[in-house]
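Enquirer: A structural model of the following input is requested.
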Amino acid sequence: MKKLLIATFNCNSVRSRLGIILDWLYAHNPDALCLQETKAQDHDFPVAAFDDAGYDCAFHGQKSYNGVAIVSRHEMSDIGKGFGDDAESPEQARLIRATICGIPVVNTYVPQGFEPGSDKFRYKLEWLARLKKYFENNFHPDEPLLWMGDINIAPEPIDVYAPDEFEGGAGFHPDERASLKDIAAWGFVDVFRALNPEPGHYSFWDYRLRGGLSRNLGWRIDHIYATRLLAEQCVASWIDTAPRSKEKPSDHTFVAAEFRL
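Expert: Numbers count the residues shown, from 1 in each chain. From the prediction side, this is the model:
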């Protein structure tokens, strides 16, 4: 039986958070780590630092904003960037995929949405609809598949510290929660929630909220989804809050899952 440890982290700049990322890799030795909001053009991605740590890199970046990457201790194949349905038009760097140990891994940085009713919020809903079609056109729910990243949606009231206050806002709007539920219904299991049904688990704490981390005033918006066949082999999933308390941290932290294959 083989162990597979995977994780996801919105690093809010891969170069600014490189020390935190490398410390986590050395401490936990995951098979693969998905990064979001890398904020680095491809020629600026710190490949050498990951290579020294024993990780290969696949990345899809743009200047100052967005950006996604996968780093893996194993050879990656079938690397793809974006949805692949409009390759000739400009697209925000929000999706990258690779096959690792025979399992396709899709890493996404879902748009934040900002304000319901705005163009950015409509773009978020359209992006989620395209993501569902991407899964339908490229994968099968009866086969192993991992989807993870900063999804920018708290699925249920227990996934945000003040659900009554935030109901209807970006990140906890019924339309985007319905979109996420629709994608999950295609064949995904939220492996963290499947193994951790109790409230109080969050992966994001707003910088602007004084004492947000110490008071655990957070959101669970970083997720790991697996198709059912693979989810049945998930033996543990956790959120590592320690990196969030380090000096100059990201406003997110690492979410991990372990599979026995």
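Enquirer: From now on I want contacts and neighbour counts done on CA atoms only, so please keep to that.
Expert: Noted.
Enquirer: residues touching the residue most central in space within the chain, list them.
Expert: With distances taken as Cα atoms, centre = their mean, residue 149 lies nearest the centre of the chain, 0.8 Å away. Residue 149 makes contacts with 8-10, 34-36, 107-110, 222-224, as judged by Cα atoms under 8 Å, 6 or more residues apart in numbering.
Enquirer: give me that answer again for 10 Å
Expert: Applying Cα atoms under 10 Å, 6 or more residues apart in numbering to residue 149 gives the contacts 7-10, 33-37, 68, 94-95, 106-110, 221-225, 255.
Enquirer: so which strand or helix has it?
Expert: Using DSSP states H and E, residue 149 sits within strand 146-150.
Enquirer: Run the chain-centre distance for that strand.
Expert: Relative to its chain's centre, strand 146-150 lies at 4 Å (Cα atoms, centre = their mean, to the nearest Å).
Enquirer: go on, stretch 62-69?
Expert: That offset, for stretch 62-69, works out to 14 Å (Cα atoms, centre = their mean).
Enquirer: From start to finish, how long is that stretch in a straight line?
Expert: One end of stretch 62-69 to the other measures 11 Å (Cα to Cα, to the nearest Å).
Enquirer: in that stretch, what's buried?
Expert: Under the neighbour-count criterion of 16 or more other Cα atoms under 10 Å, stretch 62-69 has 62, 65, 66, 67, 68, 69 buried.
Enquirer: Kindly state the beta-bridge partners for the residue nearest to the centre of the chain.
Expert: Here residue 149 sits in beta bridges with residue 108, residue 223, going by DSSP bridges.
Enquirer: hmm, back to that, can you tell me which of the buried residues of stretch 62-69 is nearest residue 182?
Expert: residue 68 (23.5 Å; Cα to Cα).
Enquirer: next one: phi and psi at that closest one?
Expert: Note on residue 68: backbone dihedrals following degrees, to the nearest 10 are phi -130, psi 150.
Enquirer: OK, contacts around the nearest residue to residue 242 once chain neighbours are set aside?
Expert: Once flanking residues are discounted, residue 242 sits nearest to residue 253: 8.0 Å by Cα to Cα, 6 or more residues apart in numbering. With contact taken as Cα under 10 Å, 6+ apart, residue 253 is in contact with 8-11, 202-205, 222, 239-245.
Enquirer: before we move on, back to that, of the contacts of residue 149, select the buried ones using a ChimeraX command.
Expert: Buried subset of these, written as a ChimeraX selection, criterion 16+ other Cα under 10 Å:
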select :7,8,9,10,33,34,35,36,37,68,94,95,106,107,108,109,110,221,222,223,224,225,255
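Enquirer: Mean confidence (pLDDT) on the helix or strand where residue 97 lies, please.
Expert: If you go by DSSP H and E, residue 97 is part of strand 95-100. For strand 95-100, mean pLDDT rounds to 98.
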